[in-house]
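Colleague: What would the 3D arrangement of this be:
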Amino acid sequence: MSKSKLPGQYSRIGKEFKKYFAALNNLGRAARAAGPLDEKTAQLIQLAGAAAVRSEGAVHSHARRALEAGARADEIYHSLLLLTSTIGFPTVSAALSWIDDVIASQDE
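Modeller: Purely as a prediction, here's the structure:
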């Protein structure tokens, strides 16, 4: 995602709290580098976590990142459908609607 399309709050935090923001980004990189999972799998896992905590912004972000890492739309949808018995249908349904936002913007 280009910097011009980053959410305003995310950009504001990055500008106002530079050291904190750098540490946050370094933590994400370190966590992904700590194990054998590829980037696509890592993003699908983070997408599932974001859905579980009902974070619309994080669902959008990790869906975009999963697509950039090579995930297909059907893999993204499936990663959320798998959560139904764990986090419940209403939460999965909300997350699917947030995924629809990302997929629709990719098609434009």
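
Colleague: Contacts only, for the spatially most central residue of the chain.
Modeller: Relative to the mean C-alpha position of the chain, the nearest C-alpha, by C-alpha atoms, centre = their mean, is the one of His62, at 1.5 Å. Listed by C-beta atoms under 8 Å, 6 or more residues apart in numbering, the contact set of His62 reads Gln43, Leu44, Gln46, Leu47, Ala50. For glycine as for every other residue, the C-beta is placed from the backbone atoms N, C-alpha and C.

Colleague: Can you list the buried residues in whichever strand or helix holds His62?
Modeller: Per DSSP states H and E: His62 is located in helix 56-68. Residues of helix 56-68 classed as buried by neighbour count (16 or more other C-beta atoms under 10 Å): Ala58, Val59, His60, Ser61, His62, Ala63, Arg64, Arg65, Ala66, Leu67.

Colleague: Turn these into JSON lines, including pLDDT and distance to Ala34.
Modeller: Output for the buried residues of helix 56-68, formatted as JSON lines (pLDDT from 0 to 100; distance: C-beta to C-beta, whole Å):
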{"residue": "Ala58", "pLDDT": "93", "distance to Ala34": "20"}
{"residue": "Val59", "pLDDT": "96", "distance to Ala34": "23"}
{"residue": "His60", "pLDDT": "94", "distance to Ala34": "25"}
{"residue": "Ser61", "pLDDT": "93", "distance to Ala34": "20"}
{"residue": "His62", "pLDDT": "95", "distance to Ala34": "18"}
{"residue": "Ala63", "pLDDT": "96", "distance to Ala34": "23"}
{"residue": "Arg64", "pLDDT": "94", "distance to Ala34": "23"}
{"residue": "Arg65", "pLDDT": "94", "distance to Ala34": "17"}
{"residue": "Ala66", "pLDDT": "97", "distance to Ala34": "19"}
{"residue": "Leu67", "pLDDT": "96", "distance to Ala34": "23"}
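
Colleague: thought Ile99 was touching Tyr77?
Modeller: Yes - assessed by C-beta atoms under 8 Å, Ile99 is found in contact with Tyr77 at 6.4 Å.
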